[in-house]
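Student: Sequence and predicted structure are below.
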There are 4 protein chains.
Amino acid sequence: MPAHLAGLNVHSKADAEKDEKRRQIFEAALDLFWEGGFHAAPMAKLAQAAGVPVGTIYRHFENKEELIHALYGDIKGQRIKATLADYDPSLSLRERFDRLWRNGFLYCVEHPREFRFAEQYAHSPYLRDAEKSIQSELFEDLGRFFAEGYRDGVFKPLRPEILTALISGPMNALAARAIARTCKFSEEHMQDVIDACWDAIADRH
Amino acid sequence: MPAHLAGLNVHSKADAEKDEKRRQIFEAALDLFWEGGFHAAPMAKLAQAAGVPVGTIYRHFENKEELIHALYGDIKGQRIKATLADYDPSLSLRERFDRLWRNGFLYCVEHPREFRFAEQYAHSPYLRDAEKSIQSELFEDLGRFFAEGYRDGVFKPLRPEILTALISGPMNALAARAIARTCKFSEEHMQDVIDACWDAIADRH
Amino acid sequence: MPAHLAGLNVHSKADAEKDEKRRQIFEAALDLFWEGGFHAAPMAKLAQAAGVPVGTIYRHFENKEELIHALYGDIKGQRIKATLADYDPSLSLRERFDRLWRNGFLYCVEHPREFRFAEQYAHSPYLRDAEKSIQSELFEDLGRFFAEGYRDGVFKPLRPEILTALISGPMNALAARAIARTCKFSEEHMQDVIDACWDAIADRH
Amino acid sequence: MPAHLAGLNVHSKADAEKDEKRRQIFEAALDLFWEGGFHAAPMAKLAQAAGVPVGTIYRHFENKEELIHALYGDIKGQRIKATLADYDPSLSLRERFDRLWRNGFLYCVEHPREFRFAEQYAHSPYLRDAEKSIQSELFEDLGRFFAEGYRDGVFKPLRPEILTALISGPMNALAARAIARTCKFSEEHMQDVIDACWDAIADRH
DNA sequence: CATGAATGAGCGTTCATTCAT
DNA sequence: TATGAATGAACGCTCATTCAT
């Protein structure tokens, strides 16, 4: 690679290594947090579990708190990405709803460490700074999805926060149960819940 | 009180004082937990805020963890009690549902410290022992309420955990928002949400 | 008992009760010290094990340290008493030696709690005040025993402390082993050791 | 040292520093334990006396108990080493016995802090794990010494534990006295005691 | 006199962060 | 730049002793 183009490269070898370290630290954190919450993870233990020296963590994150915020941001992004993975605007609203719910729920159930951490974080005093870290581009599809539902009179004329609560409230509650009991919901159960959530938000006129 | 009845009194003066201390400690804990979570409340600070010496806390609770478990149990009981405060089996299922939801939601919104603590606890690694602390008598009414709904075909034939998630999921999510924003939902909003939750669980055949 | 003689009674009923309490406390202390040394015995635990209220211990002993000193004095007295139990000045020196050694050793082995406590005490910083608590009358026989041995040229002309060390040194060391291994020395073994100790102190000219 | 041999050095500079710290901590512990036993030495005080921060102690020893065990092991090794310092298999058994006893005794008397600590430890509830820490190689000479004595019929046919008790029992008892009184035994006294111990173990047929 | 709940100084230990190498 | 030993404030908890009842 010519020297004058080096700067254009988004991912140099050094960057790749940096990302790799970051990933390792996140993984180690998820493992330790899963086992015993934020407290069960002293930085030294975290570093060892991640296979990096303690000092290295501080080169990637200003301090423990920032590491936690960053991890939350990362997971939030992943969850949204997974939720929208196969989003197809050409499908009907109802079909899109099904997919979105199913995707979101499956992400939680298939990423228990991530889900549990996010729940813990979201209900802890760390939450404050959270809103900043949303990758807003990902929300565009969701925004259009809601707008369409309102426009066509398919959704009840309730504030978006309320619709969101009617959807993600049950989703999170059931994901937590599914994880705690380590028994996956059957496909049929899941469809029942999706239908129920749809009933909650759909306007029957 | 006649002397010959003194022995029948469940609460002696000493017991009353003990309860009073317990209350003070719980109150101090709620204040400090509200401000900064479990960590922001060292036992010494807690003791000072409660106006008791450190050692006294340990006469009431085996250790910090048990204090937290006990506080959760206490709040859980309060919430259930508040939810069922004016439960009237002679009302229609729908009317009872409205009251239950409203009562539960208002308890959360009117007891933000208690609600936030309970949410934090429920999503933390402390959760494990929680189930034990349920005062099961209080659940009897709720049990009958669900049973009646199933029997009459008013509720969808879904497992009770699912119905519960469809009700308390949105309730908690909205209470958290209401508290965080420190703006109460209007009466009208609340009724909309109750209706939506009813739609989620009600069987339309 | 006529009232005017009450004062002459060394042991009134109250005194007897006092002794009984004292005994209970000593017993509880020996049990707890045996299990885990001085530290494993908080005053509250001690009181509970003794079946008396905490305050009562402080009516019998100024503080924990004095209780320990008193217990040591008590045991020291018991051991000397047991050692001299069947002392008979009319026997030969050698016969008396055998009995003394045997008695002393058996006291240790048969009172492991007392022995272990005394050893622990004697090698701890508590020792300082110990010498005071000897009941000197009991030593008279021993004093005469040694004096006789020196006078008749049966014992080596060494300072009494040295003779004592030559006798009680091995006795304590072996008692400790016997207790730790929970296997009693056989009669034959014991006689061998007594003979060896005698060889150590006896002057062969 | 030539550069190509540097790697062969068992003790790097860092190791040397570590040993130095360890020594400082041991020294401080001996000073404080001498003055008032295990209790008179809170970790903070210990750290200050050793001239290191508290945390540093915990980098060298898992906890206070392990520090005490390690100190005991260290002293035990020193004592054995001192006892065998000039061991010469070509000397007669009796000459070797004299040297061993004298060396052992002098170590105690010349290292009063070490001796007192070891005695305290050996009679405390800590003892349990002690046996592990013996440097067994050092015992080889002693083992051969005893074996030779038995083989040649010089020693009484008693179990080694008994012979040991007959030797070290008086040694420790006298060392404790010598230290407590801070008056050294004269050379003559010491020889008398050595002779007495020899009489205790030697078989006269 | 008898009681045992109350007290709070003091303990052993942890761990986020720094900085000499 | 990379490392991980060093740091010490802060924590949860204990327990000898007191004193109101």
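Tutor: Looks like it arrived, so ask away.
Student: contacting residues around the residue of chain A found nearest chain B?
Tutor: Closest contact between chain A and chain B, by C-beta to the nearest C-beta, is at A:Gly169 (3.0 Å). Placement of C-beta: from N, CA and C, glycine included. Neighbouring residues of A:Gly169 by C-beta atoms under 8 Å, 6 or more residues apart in numbering or on different chains: B:Ala165, B:Ser168, B:Gly169, B:Pro170, B:Met171, B:Asn172, B:Ala173, B:Leu174.
Student: can you rerun that using 7 Å?
Tutor: B:Gly169, B:Pro170, B:Asn172, B:Ala173 (C-beta atoms under 7 Å, 6 or more residues apart in numbering or on different chains).
Student: got a winner among the residues you listed for most neighbours?
Tutor: Tallying neighbours with other C-beta atoms under 10 Å in any protein chain shown puts B:Pro170 at the head of the contacts of A:Gly169, with 29 neighbours.
Student: does A:Asp199 really touch B:Trp198, like I thought?
Tutor: No. Assessed by C-beta atoms under 7 Å, A:Asp199 is found out of contact with B:Trp198, at 9.2 Å.
Student: What pLDDT is listed against A:Leu142?
Tutor: pLDDT recorded at A:Leu142 is 89.
Student: quick check, distance from the longest helix belonging to chain A to the centre of its chain.
Tutor: Ranked by residue count, the top helix of chain A under DSSP state H comes out as helix A:13-36. Here the centre of helix A:13-36 is set off from its chain's centre by 16 Å, with C-alpha atoms, centre = their mean, to the nearest Å.
Student: Quickly check: that helix near chain B or not.
Tutor: Yes. On the criterion C-beta under 7 Å from any C-beta of the partner chain, helix A:13-36 is in touch with chain B at A:Gly36.
Student: So what touches that helix?
Tutor: A:40-41, A:45-46, A:49-52, A:56-57, A:60, A:67, A:71, A:74, A:113-114, A:116-117, B:125.
Student: Generate a ChimeraX selection restricted to the buried subset of these.
Tutor: Provided next is the ChimeraX selection string for whichever of those are buried by 16 or more other C-beta atoms under 10 Å in any protein chain shown:
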select /A:41,46,49,50,52,57,60,67,71,74,113,114,116,117 /B:125
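Student: Restrict the longest helix of chain A to CA atoms and write it as CSV.
Tutor: Extracted C-alpha coordinates of helix A:13-36, given in CSV (Å, rounded to 0.1, in the frame of the first residue of the first chain):
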residue,chain,number,x,y,z
LYS,A,13,-3.3,-3.9,10.9
ALA,A,14,-3.0,-1.9,14.1
ASP,A,15,-6.7,-1.1,14.1
ALA,A,16,-7.6,-4.7,13.6
GLU,A,17,-5.5,-5.7,16.5
LYS,A,18,-7.1,-2.9,18.6
ASP,A,19,-10.6,-4.2,17.7
GLU,A,20,-9.5,-7.7,18.5
LYS,A,21,-8.4,-6.6,22.0
ARG,A,22,-11.6,-4.7,22.5
ARG,A,23,-13.6,-7.8,21.6
GLN,A,24,-11.6,-9.9,24.0
ILE,A,25,-12.2,-7.5,26.8
PHE,A,26,-15.9,-7.3,26.0
GLU,A,27,-16.1,-11.1,26.0
ALA,A,28,-14.3,-11.4,29.3
ALA,A,29,-16.6,-8.8,30.8
LEU,A,30,-19.7,-10.6,29.6
ASP,A,31,-18.4,-13.9,31.1
LEU,A,32,-17.6,-12.4,34.5
PHE,A,33,-20.7,-10.2,34.6
TRP,A,34,-22.9,-13.1,33.8
GLU,A,35,-21.4,-15.1,36.7
GLY,A,36,-21.8,-12.4,39.4
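Student: Give me the buried positions along that helix.
Tutor: Neighbour-count burial for helix A:13-36 flags A:Lys21, A:Arg22, A:Gln24, A:Ile25, A:Phe26, A:Ala28, A:Ala29, A:Leu30, A:Leu32, A:Phe33, A:Trp34 (criterion: 16+ other C-beta under 10 Å).
Student: So for the second one, what's the pLDDT?
Tutor: Among the per-residue scores, A:Arg22 holds a pLDDT of 94.
Student: how far away is it from DNA strand E?
Tutor: Separation of A:Arg22 from DNA strand E (C-beta to the nearest atom of the strand, to the nearest Å) stands at 16 Å.
Student: same thing with A:Arg113?
Tutor: Where DNA strand E is concerned, A:Arg113 sits at a distance of 19 Å (C-beta to the nearest atom of the strand).
Student: Got the phi and psi for that residue?
Tutor: With angles defined as degrees, to the nearest 10, A:Arg113 sits at phi -60, psi -50.
Student: got it, and A:Phe155?
Tutor: Here is the backbone geometry of A:Phe155 (degrees, to the nearest 10): phi -90, psi 150.
Student: check contacts around it.
Tutor: A:Phe155 neighbours (C-beta under 7 Å, 6+ apart): A:Gly149, A:Leu163, A:Ile201, A:Ala202, A:Asp203.
Student: Neighbours of the residue of chain A found nearest chain D, how many?
Tutor: The nearest approach of chain A to chain D comes at A:Ala44, 11.4 Å away (C-beta to the nearest C-beta). Per other C-beta under 10 Å, the neighbour tally for A:Ala44 reads 11.
Student: Report the contact partners of the closest residue to it other than its chain neighbours.
Tutor: The shortest distance from A:Ala44 to any non-neighbouring residue, by C-beta to C-beta, 6 or more residues apart in numbering or on different chains, is to A:Val54 (5.8 Å). Residues touching A:Val54, when contacts are defined by C-beta under 7 Å, 6+ apart, comprise A:Met43, A:Ala44, A:Ala47.
Student: try A:Tyr58
Tutor: Contacts of A:Tyr58 by C-beta under 7 Å, 6+ apart: none found.
Student: roughly how far apart are A:Asp88 and A:Gly77?
Tutor: As for A:Asp88, its distance to A:Gly77 is 21 Å (criterion: C-beta to C-beta, to the nearest Å).
Student: Of these two, which one has the most company?
Tutor: Per other C-beta under 10 Å, whichever of A:Asp88 and A:Gly77 has more neighbours is A:Gly77, with 14 against 9.
Student: how near is that one to A:Leu71?
Tutor: Distance, A:Gly77 to A:Leu71, using C-beta to C-beta: 11 Å.
Student: for A:Leu158, same thing?
Tutor: As for A:Leu158, its distance to A:Leu71 is 32 Å (criterion: C-beta to C-beta).
Student: in chain A, what spans have low per-residue confidence?
Tutor: The model of chain A has pLDDT under 70 over residues A:1-14, A:128-138, A:182-184.
Student: Chain A: strands as residue ranges?
Tutor: In order along the chain, chain A carries no strands (DSSP state E).
Student: Tell me how many other residues surround the residue in it that DNA strand F sits nearest to.
Tutor: Residue nearest to DNA strand F within chain A: A:Gly55 (2.6 Å; C-beta to the nearest atom of the strand). By other C-beta under 10 Å, 8 other residues sit near A:Gly55.
Student: and A:Asp84, how many residues sit next to it?
Tutor: Quick fix: residue A:84 is Leu, not Asp. Neighbour tally, A:Leu84, other C-beta under 10 Å: 19.
Student: which residue sits closest to it in space, ignoring its chain neighbours?
Tutor: Nearest residue to A:Leu84, sequence neighbours excluded (C-beta to C-beta, 6+ apart): A:Asp141, at 5.4 Å.
Student: same check, this time on A:Pro170
Tutor: Distances taken as C-beta to C-beta, 6+ apart put B:Gly169 closest to A:Pro170, at 4.0 Å, once the chain neighbours are dropped.
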